[in-house]
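Peer 1: sequence unknown, structure follows:
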């Protein structure tokens, strides 16, 4: 009986330790933005997706036109909601110089749900849906609220995750 209680206590302690390590990893990745995901300095890969209306689109179409800021997001993501006011402000300020593209991941949401959210929240920049997870895979997306900045030559100059990213400082890298 004592051995069973001890084993349960050890399992609980281990689970708590794993949760703390995971929380610290998330905090660290927010503070040190380039620690995860696709490598900064690489050329941005193409990825086939669809518009929210179901038409095919490829990220290469945006990348070919100049600087691009991608945000991999979801309607259910609290970090994405936290980042949303910053993204709106930065799009209003820099949207004529940098293409903003929201990449809605296909986990636990549909294009119709994303479209409703985009309309209700007045997200005025381009939104696409990663139907088969191709962009998520090639960009090695570690979490939603993942931002990738691509310069006019097609090279990745920033990656970051979390609701408290300094997007304006990031955008100044491509101006």
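Peer 2: Received the coordinates, thanks. Computed from a predicted model, the values in this text were never measured in an experiment.
Peer 1: distance check, residue 135 against residue 168.
Peer 2: 24 Å (C-beta to C-beta, to the nearest Å). The way it works is simple: take the backbone N, C-alpha and C, and place the C-beta from them, glycine included.
Peer 1: more neighbours, these two?
Peer 2: A direct count of neighbours by other C-beta atoms under 10 Å for residue 135 and residue 168 places residue 135 higher, at 27 against 12.
Peer 1: wait, a helix at that one?
Peer 2: Yes: residue state for residue 135 (DSSP: H, G, I helix; E, B strand; the rest coil) corresponds to a helix.
Peer 1: ok, it - contacts?
Peer 2: For residue 135, the contacting residues are 47, 49, 59, 70, 72, 103, 141, by C-beta atoms under 8 Å, 6 or more residues apart in numbering.
Peer 1: chain neighbours aside, what residue packs nearest to it?
Peer 2: Spatial nearest neighbour of residue 135, excluding adjacent residues (C-beta to C-beta, 6 or more residues apart in numbering): residue 47 at 3.7 Å.
Peer 1: without its sequence neighbours, what residue ends up closest to the residue positioned nearest the centre of the chain?
Peer 2: The residue lying closest to the centre of the chain (C-alpha atoms, centre = their mean) is residue 146, at 2.2 Å. Counting by C-beta to C-beta, 6+ apart, residue 146 lies nearest to residue 72, which is 4.3 Å off, once chain neighbours are set aside.
Peer 1: how does this protein divide up, domain by domain?
Peer 2: The chain is divided into the following domains under automatic domain parsing: 1-31, 33-174.
Peer 1: so which of the ones you listed is the most surrounded?
Peer 2: Among those, ranked by average contacts under mean count of other C-beta atoms under 10 Å, first place goes to domain 33-174 (a mean of 18).
Peer 1: now that one: mean pLDDT?
Peer 2: Mean pLDDT, taken over the full extent of domain 33-174, equals 94.
Peer 1: related to what we said a few turns ago, which residues pair with the residue nearest to residue 146 across the strands?
Peer 2: Beta-bridge pairing for residue 72 (DSSP bridges): residue 103, residue 146.
Peer 1: assess the claim that it and residue 139 are in contact.
Peer 2: Yes: with contact defined as C-beta atoms under 8 Å, residue 72 reaches residue 139; the gap is 7.1 Å.
Peer 1: spell out which residues are contacts of both of those two.
Peer 2: With C-beta under 8 Å, 6+ apart, residue 72 and residue 139 have common neighbours 146, 148.
Peer 1: find the nearest non-adjacent residue to residue 141, please.
Peer 2: Leaving out its chain neighbours, the residue that sits closest to residue 141 by C-beta to C-beta, 6+ apart is residue 72, at 4.8 Å.
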